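Engineer: The sequence isn't on hand, but the structure is:
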Ligand code: AMP
Ligand code: ZN
């Protein structure tokens, strides 16, 4: 550990200000991140949310806090609309695929974990699975039911007028909520939301539990209040998610937290359950926000199949501030890959002779402590790479998570799935070419090169890497 003296300042969506981080528990940082709903593959926009949460966790560790990070897996309760309209996302996918919900959840959870690993996102202390906490959710609901909820035929609803400052976190005006009143007959206020959804008479759901309000399933918002309280204790330090969660899901979590703790107004941020609420902005493409429900979307695997190393996507995320929108394009991704490749070139030329460079560390510390300023930190990281001090690079990469110590330039080669030659064949052809050149047989050597070029291989004379696939971004 080196000295990190810059105060850590983070943007708190609840107060809409950059604030200095002061932990609830001395020397510790407890963070809860809303995880994926595992009814489908995560798209790269979702993964931006986890690169952001991981960067936050890495910065907290770098600043010397003992981190406890929880990410949940939503395998129950999330409807196709974040308000209470539509079908259960998990039930819908299970029916479409004629599989059990448990199999669907397992498959997509594993796919998500593979992306987490590929992006060098650190493992949290707990992956909390919503269905493991249903008894605790029922207990939670029981203790707030009388003072804060009302029962309708369709379920138990939270009355948002029973807590002070409902919706303070949200930016959108309540018109959005107005539309929600149609969705459930009998709701007292547009923003009221389901704590428990009863299974309609005569129906059977794949996932349902007994409760004081009949057989059914928990409302989506309940799980995060319950699991964060169980695993981190209220109040904890930081709650994260994408900005869509700032509008409905997190205001509802906050209302539940206020209800369970008996805290009134949000004048003290702790009454919300977490001292700070942090949100990453969207990854968009030219057609707008990426979303799973729209059907077509880009997965990390799509990027890998095009031949990109997944850490090029992490680099793309780090190049933008987490609170800015980030536009995805193949050109932007290619530029991020090139930047990563240059870093590795720098590492290969770094003799590692010098000790940790204090001036660079201080500047880096200032950049990342300023609301996770990764775009400003990257050029300082690059200076360190070209500085001959590998120990400085190592410290900084604990924050950036680009795994430079374990990558080499060949790992970053473009590897299109559509490649017509194996790497061994290319290497063998280049060995033959070297022999031909040594024998001054230039006709053969040129023919080999031309054949490789025709098959999409770029031959790089004088570079120890020797060759690279040509990137086809058309
Ligand atoms: P979901 O699986 O839909 O619950 O979303 C998982 C996480 O991804 C949540 O934190 C969302 O806020 C976040 N998210 C959804 N779409 C995007 C996007 N296009 N860009 C960045 N984050 C997103
Ligand atoms: Zn959540």
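Structural biologist: Nice, thanks for sending it over. Only a predicted model underlies this, so the values are computations on that prediction, with no experimental measurement involved. Ligands and ions are numbered 1, 2, ... in the order given.
Engineer: Would you mind listing the residues in contact with residue 47?
Structural biologist: Applying Cβ atoms under 8 Å, 6 or more residues apart in numbering to residue 47 gives the contacts 115, 119, 300, 313. In this view, the C-beta of every residue, glycine as well, is placed from N, C-alpha and C.
Engineer: Looking at the helix or strand hosting it now, give me its mean pLDDT.
Structural biologist: Following DSSP states H and E, the helix or strand that holds residue 47 is helix 44-62. For helix 44-62, mean pLDDT rounds to 98.
Engineer: Not counting its neighbours along the chain, what's nearest the residue in the stretch 201-350 of the chain that ligand 2 sits nearest to?
Structural biologist: The nearest approach of the stretch 201-350 of the chain to ligand 2 comes at residue 224, 3.3 Å away (Cβ to the ion). In space, residue 224 comes closest to residue 253 once its chain neighbours are excluded; the distance is 5.1 Å by Cβ to Cβ, 6 or more residues apart in numbering.
Engineer: on that earlier part again, quick one: the helix holding residue 47 near ligand 1?
Structural biologist: Yes: using Cβ under 6 Å from any ligand atom, helix 44-62 reaches ligand 1 at 45, 46, 48, 49.
Engineer: which one among those residues gets closest to residue 87?
Structural biologist: residue 46 (20.3 Å; Cβ to Cβ).
Engineer: burial count for the closest one?
Structural biologist: 23 (other Cβ atoms under 10 Å).
Engineer: For the host helix or strand of residue 147, which outside residues touch it?
Structural biologist: Per DSSP H and E: residue 147 is located in helix 134-148. Helix 134-148 has contacts (Cβ under 8 Å, 6+ apart) with 76, 149, 156, 158-159, 162-163, 195-196, 209, 211-213, 218, 222-223, 225-227, 229-230, 255-256, 259-260.
Engineer: If any of these are buried, put those into a ChimeraX selection.
Structural biologist: Restricted to buried positions by 16 or more other Cβ atoms under 10 Å, the ChimeraX selection for those reads:
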select :76,149,156,158,159,162,163,195,196,209,211,213,218,222,223,225,226,227,229,230,255,256,259,260
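Engineer: Show me the contacts of helix 134-148 that map onto strands.
Structural biologist: 149, 156, 158, 195, 196, 218 (DSSP state E).
Engineer: do you know how far the third one is from residue 339?
Structural biologist: What that stands for is residue 158. Distance from residue 158 to residue 339, counting by Cβ to Cβ, to the nearest Å: 47 Å.
Engineer: One more: the fifth one?
Structural biologist: Between residue 196 and residue 339 the distance, using Cβ to Cβ, works out to 49 Å.
Engineer: swap in the fourth one?
Structural biologist: Using Cβ to Cβ, one gets 47 Å for the distance from residue 195 to residue 339.
Engineer: What strand or helix carries residue 303?
Structural biologist: Element membership for residue 303, per DSSP H and E: helix 300-305.
Engineer: Surely residue 340 and residue 412 touch.
Structural biologist: Yes: Residue 340 is within contact range of residue 412, at 6.1 Å (criterion: Cβ atoms under 8 Å).
Engineer: Mutual contacts of the two, please.
Structural biologist: Listed as contacting both residue 340 and residue 412 by Cβ under 8 Å, 6+ apart are 309, 311, 312.
Engineer: what residues does the stretch 1-150 of the chain put near ligand 1?
Structural biologist: 34, 36, 37, 45, 46, 48, 49.
Engineer: Which two among those residues are spaced furthest apart?
Structural biologist: 37 and 48 (16.0 Å).
Engineer: Quickly list what residue 242 is bridged to.
Structural biologist: Note on residue 242: beta-bridge partners by DSSP bridges are residue 280.
Engineer: got a list of what the closest residue in space to residue 221 that isn't next to it in sequence touches?
Structural biologist: Using Cβ to Cβ, 6+ apart and skipping the chain neighbours, the partner closest in space to residue 221 is residue 252 (3.9 Å). Residues in contact with residue 252 (Cβ under 8 Å, 6+ apart) are 158, 193, 221.
Engineer: Need the per-residue pLDDT for residue 252.
Structural biologist: On pLDDT, residue 252 comes in at 97.
Engineer: Quick check: it is in a strand.
Structural biologist: No: judged by DSSP: H, G, I helix; E, B strand; the rest coil, residue 252 forms no part of a strand; its state is helix.
Engineer: What distance do you get for it to residue 258?
Structural biologist: Taking Cβ to Cβ, one finds residue 252 at 11 Å from residue 258.
Engineer: Also residue 207?
Structural biologist: Counting by Cβ to Cβ, the gap from residue 207 to residue 258 is 28 Å.
Engineer: can you count the residues close to the residue lying closest to residue 155 once chain neighbours are set aside?
Structural biologist: Excluding the flanking residues, the one nearest residue 155 by Cβ to Cβ, 6+ apart is residue 197, at 4.4 Å. For residue 197, the neighbour count with other Cβ under 10 Å is 24.
Engineer: one step back: check which element follows the helix holding residue 303 along the chain.
Structural biologist: Using DSSP H and E, the helix or strand that follows helix 300-305 in sequence is helix 311-319.
Engineer: what packs against that following helix?
Structural biologist: helix 44-62, helix 300-305, helix 330-349, helix 374-385 (3 or more Cβ pairs under 8 Å, 6 or more residues apart in numbering; DSSP states H and E).
Engineer: State the mean pLDDT of that helix.
Structural biologist: For helix 311-319, mean pLDDT is 98.
Engineer: got it, and stretch 331-346?
Structural biologist: 95.
Engineer: and if you look at stretch 360-370?
Structural biologist: Stretch 360-370 comes out at a mean pLDDT of 97.
Engineer: Report the distance from that stretch to the chain centre.
Structural biologist: Put simply, stretch 360-370 sits 23 Å off its chain's centre (Cα atoms, centre = their mean, to the nearest Å).
Engineer: Make 6 the starting number, not 1.
Structural biologist: Got it, first residue is 6 now, which makes that one stretch 365-375.
Engineer: Would you mark the buried spots in that stretch?
Structural biologist: Result for stretch 365-375 [16+ other Cβ under 10 Å]: buried residues 365, 366, 367, 368, 369, 370, 371, 372, 373, 374, 375.
Engineer: What ranges in this protein fall below the confidence cut-off?
Structural biologist: For the chain, applying pLDDT under 70 flags the ranges 6-7, 86-91, 177-188, 293-301, 477-479.
Engineer: closest point of the stretch 306-455 of the chain to ligand 1, which residue?
Structural biologist: Closest residue of the stretch 306-455 of the chain to ligand 1, Cβ to the nearest ligand atom: residue 331 (7.8 Å).
Engineer: if I pick that residue, what's in contact with it?
Structural biologist: Residues in contact with residue 331 (Cβ under 8 Å, 6+ apart) are 53, 286, 287, 288, 289, 321, 322, 325.
Engineer: Equivalent analysis for residue 399, please.
Structural biologist: With the criterion set at Cβ under 8 Å, 6+ apart, residue 399 makes contact with residue 410.
Engineer: if I look at it, how far off is residue 372?
Structural biologist: 17 Å.
Engineer: Could you do residue 306 as well?
Structural biologist: Relative to residue 372, and taking Cβ to Cβ, residue 306 is found at 32 Å.
Engineer: residues contacting the most centrally placed residue in the chain?
Structural biologist: In the chain, the centroid-proximal residue (Cα atoms, centre = their mean) is residue 55; its distance is 1.6 Å. Contact analysis of residue 55 by Cβ under 8 Å, 6+ apart lists 38, 40, 76, 121, 124, 126.
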